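K.L.:
no sequence for this one, just the structure:
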């Protein structure tokens, strides 16, 4: 006669505990996976759109340098590749699609010349009275004003460090630009110090002066050439 092996109560209990632990672990993994936030992109997140635009503008600049290289192109390309790497880190931290690239609406468009202001017609003065004209005051209580440029352009950050500055593909180094965020009425006046793939890009320090918390893109921007 064959003898059937039977498990002792202790071994049965140990097997039941092990099976429950395995099942619980699998359920935890499934729950963790299902609760993970979906990765966002430029089409459904303003933050992701701003980072994608910054990456795209830097990539456009690199492509331009490779197409028409000069003595400084390699150094500029290395700098912008480091900037792109930092933007990808920010994309990952913001739960955005890493490496997503977009272009600003004015990335390659020439600056639109401002229309000359029409002189105001003086009001007719009463006979025997001398008419006087008060000098026009600049907007913002005497703040620097100039002609509007980059009409319709959004503004994002270049990812570069250093003191507040701008980069541009339309204005030479030394040009002064005033950038106003019309959504919060904050403005900054910066000097163009380098070339970029966009009409106007702000470096990190300058962008911090006009940004809204948590946003990497200024949709409603007023850009003026003031010097």
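P.N.:
Arrived safely, thanks for sending. What you are looking at is a predicted structure, and each value in this text was computed from that prediction instead of being measured.

K.L.:
what helices or strands is the lengthiest strand in the chain leaning on?
P.N.:
In terms of residue count, the longest strand belonging to the chain (DSSP state E) is strand 186-195. Other helices and strands packing on strand 186-195, by 3 or more Cβ pairs under 8 Å, 6 or more residues apart in numbering; DSSP states H and E, are strand 166-168, strand 176-181, helix 204-210. C-beta here means a position set from N, CA and C on the backbone, and glycine is covered the same way.

K.L.:
Which strand residues bridge residue 190?
P.N.:
Counting by DSSP bridges, residue 190 forms beta bridges with residue 177.

K.L.:
lowest-confidence helix or strand of the protein?
P.N.:
Every helix and strand in the chain was compared by mean pLDDT, DSSP states H and E; the lowest is helix 139-142, with a mean of 33.

K.L.:
On the C-terminal side of that one, identify the next helix or strand.
P.N.:
Next helix or strand after helix 139-142 toward the C-terminus (DSSP states H and E): strand 147-149.

K.L.:
buried stuff in that next one?
P.N.:
Neighbour counts over strand 147-149 (16 or more other Cβ atoms under 10 Å) mark residue 149 as buried.

K.L.:
What strands line up against it, and which way round?
P.N.:
The strands that strand 147-149 pairs with in its sheet are strand 221-225 (antiparallel) (by DSSP bridges).

K.L.:
Give me the angle between the strand it pairs with and strand 186-195.
P.N.:
Between strand 221-225 and strand 186-195, the angle comes out at 60 degrees (axes from the mean of the first three to the mean of the last three Cα atoms, to 10 degrees).

K.L.:
any idea of the mean pLDDT for strand 221-225?
P.N.:
For strand 221-225, mean pLDDT rounds to 93.

K.L.:
With stretch 40-58 instead?
P.N.:
Averaging pLDDT along stretch 40-58 yields 85.

K.L.:
contact partners of it?
P.N.:
Contacts to stretch 40-58, defined as Cβ atoms under 8 Å, 6 or more residues apart in numbering, come from residues 80, 83-84, 87-88, 90-91, 94-97, 99-104, 107, 154, 156-159, 196-198, 201, 214-217, 219.

K.L.:
got a list of contacts for the host helix or strand of residue 85?
P.N.:
Here residue 85, judged by DSSP H and E, is contained in helix 73-93. Helix 73-93 has contacts (Cβ under 8 Å, 6+ apart) with 48, 51-52, 54-55, 58-59, 61-62, 65-66, 97-100, 158-160, 194-195, 216.
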